[in-house]
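Got a predicted model here, sequence first, then my questions.
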Amino acid sequence: MQPDTDASSACSCNDACECKNQNISSMCLVCGKDNPFSLHAQIVEHPEKDEVVCYFTPQEIHQSYPDRVHGGISAAVLDEVIGRAVQMKHPDIWGVTISLSLKYRRPLPYGTPLECHGRCTKITRRTFEGEGEILTPDGKVAVQATGTYAICPPDAMTGEGNLDDMWFEDDRPVEDL
């Protein structure tokens with residue numbers, strides 16, 4: 001899934017594409033660069049499709065039953081991706097989950113690259129809503145979700161820390177979508 005290109009290049013879906021990585025953090029369960037239990041997910045904005053795409057490869061430590069990704073891991077990925085989709089058009093809006101509803105349709109394997117797609121479907125003064133799905137390696141929908149998020153300013157998310165130290169550029173090559 002990962003092309004051998006430099007981090008600043010756009011995906012190769014067409015000449016006008018402006019895909020780019022979203023920022024990551026240090027200890028997040030989904031994207032955390034320094035968290036040994038993280039999925040080390042890469043989340044890419046795809047403006048032409050008006051969605052974000054998350055690339056991740058769950059490992060054995062992310063399983064529930066043998067050879068299956070734990071449903072809570074799927075929920076965490078979908079929560080992250082749906083919650084980030086609003087930032088494509090509104091980069092200063094961050095959200096805190098109010099509700100998340102999931103439908104589990106197929107098991108997900110660990111040890112293989114997976115994709116999760118997310119979109120913002122509605123935004124109001126206080127909340128935003130979105131939807132997303134995780135696909136099996138053969139492109140079938142395995143897990144679907146819808147979520148509602150309370151809009152919060154970024155500085156409310158950092159406690160005493162500095163947002164620039166906690167939220168930084170993902171310099172991995174942009175995925176081909």
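Perfect, thanks for sending it.

contacts, neighbours, all on C-alpha from now
Noted.

which residues of this structure fall in helices?
Counting by DSSP state H, one finds helices in the chain at the ranges 71-85, 163-166.

avg pLDDT for the first one?
Put plainly, it is helix 71-85. Across helix 71-85, the average pLDDT comes to 98.

Give the buried residues for that helix.
By neighbour count with 16 or more other CA atoms under 10 Å, helix 71-85 contains the buried residues 71, 73-75, 77-85.

Out of the residues you listed, which two sit at the greatest distance?
Spanning the widest gap among those are G71 and A85, at 21.2 Å by CA to CA.

Can you add distance to G130 and give the helices of the chain back as JSON lines?
Formatted as JSON lines, the helices of the chain follow (distance: least, CA to CA, whole Å):
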{"stretch": "helix 71-85", "distance to G130": "6"}
{"stretch": "helix 163-166", "distance to G130": "24"}
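
looking at those, which is closest to L114?
Taking CA to CA, helix 71-85 is the member of these nearest to L114, at 10.7 Å.

Quickly list what the closest residue to R119 other than its chain neighbours is bridged to.
Excluding its sequence neighbours, the residue lying closest to R119 (CA to CA, 6 or more residues apart in numbering) is E51, at 4.8 Å. Here E51 sits in beta bridges with H46, as judged by DSSP bridges.

residues in contact with E51?
E45, A85, M88, H117, G118, R119, C120 (CA atoms under 8 Å, 6 or more residues apart in numbering).

can you redo those as TSV with distance to C19?
Below are the contacts of E51 laid out as TSV (distance: CA to CA, whole Å):
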residue	distance to C19
E45	5
A85	13
M88	10
H117	14
G118	14
R119	15
C120	17
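
Out of those residues, who's the most crowded?
A85 (31 neighbours; other CA atoms under 10 Å).

I'd assumed G118 was in contact with it.
Yes. Applying CA atoms under 8 Å as the test, A85 and G118 come out as touching, 6.0 Å apart.

so what's in contact with these two at the same time?
By CA under 8 Å, 6+ apart, A85 and G118 have these common neighbours: E51, V52, G130.

To what extent is S38 buried, counted in neighbours?
By other CA under 10 Å, the residues close to S38 number 20.

Great, nothing more from me.
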